[in-house]
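Visitor: next one to model:
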Amino acid sequence: MLRNLTELYEGQPVVHIEHGVGRYTGLKIIEVGGINMEYIIITYADNDKLYVPVSSLHLISSYYSSGTTSTQQAPLHKLGSEAWSRSKVKIVKQLRDVAAELLDIHSQRLVKKGFSFNLNIDKYKLFSNGFNFKITPDQEKAINAVLSDMCKPLPMDRLVCGDVGFGKTEVAMRAAFLAIENNKQVAILVPTTLLAQQHFDNFSKRFEKFNICIKMISRFCSKRDEIEIIKKTYEGKVNILIGTHKILQKNIKWRDLGLLIIDEEHRFGVRHKEHIKLMRSDIDILTLTATPIPRTLNMAISGIRDLSIIATPPELRRAVKTFVLEYDNIIVREAILREISRGGQVYYLYNNVKNIDNTARKLKELVPEASIAVGHGQMNERNLEIVMNCFYKKRFNVLICTSIIETGIDIYNVNTIIIEQANQFGLAQLHQLRGRVGRSNHQAYAYLLIKNKKILTKDTRKRLDTISSLDEIGVGFVIATHDLEIRGAGELLGKDQSGQIEKIGFSLYIELLNNAVKSLKSGHEPSWTDLTRSQLTEVELRIPALLPEYYINDINTRLSFYKRIARTVCSNEIDELKKELIYRFGVLPDPAFYLLEITIIRQQAQELGIKRIDGNEKGIVIEIISKHCIDTSYLKELIIQDKVKLDAPMRLRFINELQDYTMRIEYLKMLLSDLYQHRT
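Guide: Residues are numbered from 1 along each chain as shown. Below you'll find the model as predicted:
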């Protein structure tokens, strides 16, 4: 379902649950049978148009996919063709398999007996007091959830998700402390040698006042040191072992491993993931990730994989000041000099390996005061690690690099990033790259340089304007930009899902996955009807139901309220919206009142398993999804009393004189209330 105003603009690809992928092309008020209604227009292949009443906005989802970088590339369906129907059949099978796998993982965890850790409050407080920063509310929730999991007799499998620098590592450290206090060993698995070094430094500093043995295995270790560390690990003399996939090797034996902490699991290969999966059933596992997890995905996996989200920024963290500018040597020189003059370091991102050395030479001539090195993905891996390690240890102050820094180690001293040809990057990637600076309390700067503003496309200009305007701390996590969401889905559900997401769009895919999980949990094999039941319910009462232009004249504000109304799930939420509308715009006009009432009716109908309600001045027709939704003996009684006619096995016709709009609504609400009392 659509979630915020930025998601719907002219040309935006959307998915109608019954007709497939099209493009939103505007709002239009149309008079039908003397009644004014506002419609959303969706354009499909061959320029066919579909008019969707605003009261049916819940049938529309925004379309985002991993492969669609431009709105022009969305695969539009043809109205009335079989392509969408064929896609739906494949999607149901795929969703059923994914949901079954998620539930299988969950059930396996429930039958395994884990170690129940004992929390010594006094010792824990002593360790907690060593944290020099104020715990944020989200951090506190995550810490409490992790400690609670560890104290239960079931193996923990919790994912802690939070933007870079929001305090995931402190959560991991407190979990590690609890494990060690219970005489268990801790393994910390990271994707890169440099990240291993960073964790080793951070954990060593945090645990320095405690008698804890922390070791690291990486390619920087000598063979002799590695053999010695493995020996001490087996003897139980190593409390915390940090390393890359090396710590998964068969030659590493543990005396008593109790906790595995995984940093960015998605960056490990299939073989390593299989090894981790085998470990999952026996020990507590804590996974850390910086990839935003959308609310709908959270819903889909809730109760299956435990999830904690840290969205609150730490105190004193400043937003990165972002500038979109045409390239100028003076700007580049001043930006670099300003940073190194305060003892800081600079990322200079040039994403063309072929010419990167030429760029380095020019930069050295432009800023001779700077010490410069080059790092990119085509370098020998060992040499690249050496360069990055030297930069981490402040042996030079400007790193000319490619986008390999998009995910990497945290270097708190780097507080300026300069990106050449920033127009070549997507919004999410720019957000990730900008996130490489601003990890400390110092003001950080991002310079997005382009050759010529005049030749930018409309989409590119909008993208750059957006990234420069989003200057609130943690905004990237809050908005959870869509390609990052898809990446998050791939990491949690498996990369094979990307093709299915491509067909129906991310939003609808995750919504249906959530329904598939619920369906299997209740013992039902999911069908397309089951999965879309909550979206499919339609109500058409031949009543003017809209927010009139004279009431809310701004089209964007009107659209925003339509979307908020469509997202409501109960009458209490409608009451809150009603209060807000009255407060902001005055007494509700009749069409607005009818719109809210029809939304409540749709919510009630969804609970009853009703597919469609048609009403007019002569009565109400209700089409149910299954004959098992309502007590058949009650229906027989109504038929005998001639209160209802059976038009078809699933269509009930209630005949009554309902000329008055308010009477029509009240009669229907009473009817639904009676049916609810006689539901099966």
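Visitor: where is the longest strand in this protein?
Guide: If you go by DSSP state E, the chain has its longest strand at strand 20-32.
Visitor: against which helices or strands is it packed?
Guide: strand 13-16, strand 35-43, strand 49-53, helix 83-111, helix 555-567 (3 or more CB pairs under 8 Å, 6 or more residues apart in numbering; DSSP states H and E). All C-beta spots, glycine's among them, are computed from the backbone N, C-alpha and C.
Visitor: deepest-packed of those, please.
Guide: Neighbour counts (mean count of other CB atoms under 10 Å) averaged over each of the helices and strands packed on strand 20-32 peak at strand 13-16, with a mean of 24.
Visitor: tell me the angle the longest strand of the chain makes with helix 83-111.
Guide: If you take axes from the mean of the first three to the mean of the last three CA atoms, to 10 degrees, strand 20-32 sits at 120 degrees to helix 83-111.
Visitor: in its sheet, what does strand 20-32 sit against?
Guide: Under the criterion DSSP bridges, strand 20-32 sits next to strand 13-16 (antiparallel), strand 35-43 (antiparallel) in its sheet.
Visitor: residue 218 is nearest to which of these?
Guide: strand 13-16 (44.7 Å; CB to CB).
Visitor: for the closest one, output the C-alpha coordinates as CSV.
Guide: Output of strand 13-16 as CSV, limited to C-alpha atoms (Å, rounded to 0.1, in the frame of the first residue of the first chain):
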residue,chain,number,x,y,z
PRO,A,13,4.6,3.0,-11.6
VAL,A,14,1.9,1.5,-9.4
VAL,A,15,0.4,-2.0,-9.1
HIS,A,16,-3.4,-2.6,-9.0
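Visitor: i'd like the first residue to be 25 from this point on
Guide: Sure thing, new numbering starts at 25, so read that last one as strand 37-40.
Visitor: quick check: mean pLDDT of it?
Guide: Strand 37-40 shows a mean pLDDT of 86.
Visitor: chain center to that strand, what's the gap?
Guide: In terms of CA atoms, centre = their mean, to the nearest Å, the centre of strand 37-40 is set 19 Å apart from its chain centre.
Visitor: closest to residue 547 out of the strands paired with strand 44-56?
Guide: Set against residue 547 and scored by CB to CB, these come closest in strand 37-40, at 28.9 Å.
Visitor: related to what we said a few turns ago, who's in contact with the longest strand of the chain?
Guide: 32-40, 60-68, 73-75, 78, 87, 95, 98-101, 107-108, 111, 528-529, 570, 573, 579, 582-583 (CB atoms under 8 Å, 6 or more residues apart in numbering).
Visitor: hmm, back to that, of the strands paired with strand 44-56, which is nearest residue 704?
Guide: Between residue 704 and these, the shortest separation by CB to CB is 30.5 Å, and it involves strand 37-40.
Visitor: just for the stretch 275-424 of the chain, where's the confidence low?
Guide: Along the stretch 275-424 of the chain, segments meeting pLDDT under 70 span 289-305, 315-329, 340.
Visitor: what segments of it are strands?
Guide: 281-287, 308-313, 330-334, 345-350, 369-373, 396-399, 422-425 (DSSP state E, counting those that start in this stretch).
Visitor: hmm, back to that, export the longest strand of the chain as CSV, just CAs?
Guide: Taking Å, rounded to 0.1, in the frame of the first residue of the first chain, the C-alpha atoms of strand 44-56 are listed here in CSV:
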residue,chain,number,x,y,z
GLY,A,44,-1.1,-5.3,-12.6
VAL,A,45,1.5,-2.7,-13.2
GLY,A,46,0.6,0.7,-14.7
ARG,A,47,1.4,4.4,-14.2
TYR,A,48,-0.3,6.9,-12.0
THR,A,49,-1.3,9.8,-14.3
GLY,A,50,-3.4,12.0,-12.0
LEU,A,51,-6.6,12.7,-10.1
LYS,A,52,-9.9,13.5,-11.7
ILE,A,53,-13.4,14.4,-10.5
ILE,A,54,-16.0,12.7,-12.7
GLU,A,55,-19.8,12.9,-12.5
VAL,A,56,-21.5,9.4,-12.7
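Visitor: check residue 631 and give its pLDDT.
Guide: For residue 631, the model assigns a pLDDT of 81.
Visitor: again with residue 476
Guide: Per-residue pLDDT puts residue 476 at 81.
Visitor: look up how far residue 600 lies from residue 607.
Guide: 11 Å (CB to CB, to the nearest Å).
Visitor: show me which of these two is the more surrounded one.
Guide: residue 600 (12 against 8; other CB atoms under 10 Å).
Visitor: check which helix or strand that one maps to.
Guide: If you go by DSSP states H and E, residue 600 is part of helix 595-609.
Visitor: buried ones in that helix, by neighbour count?
Guide: 597-598, 601-602, 605, 609 (16 or more other CB atoms under 10 Å).
Visitor: which other helices and strands does that helix contact?
Guide: Short answer (3+ CB pairs under 8 Å, 6+ apart): helix 595-609 packs on helix 579-591, helix 614-632.
Visitor: let's see it at 6 Å
Guide: helix 614-632 (3 or more CB pairs under 6 Å, 6 or more residues apart in numbering; DSSP states H and E).
Visitor: summarise which helices and strands the helix it packs on is packed against.
Guide: Secondary-structure packing of helix 614-632 (3+ CB pairs under 6 Å, 6+ apart): strand 562-564, helix 595-609, helix 685-701.
Visitor: between those, which one is closest to residue 460.
Guide: helix 595-609 (39.6 Å).
Visitor: that older thread, will you turn the strands paired with strand 44-56 into CSV that also has distance to residue 276?
Guide: Formatted as CSV, these follow (distance: least, CB to CB, whole Å):
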stretch, distance to residue 276
strand 37-40, 48
strand 59-67, 57
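Visitor: out of those strands, which comes closest to residue 314?
Guide: In terms of CB to CB, the element of these nearest to residue 314 is strand 37-40, at 27.4 Å.
Visitor: can you list contacts of the closest one?
Guide: Identification of contacts with strand 37-40 by CB atoms under 6 Å, 6 or more residues apart in numbering yields 45, 47-48, 83-87, 98, 528-529, 532.
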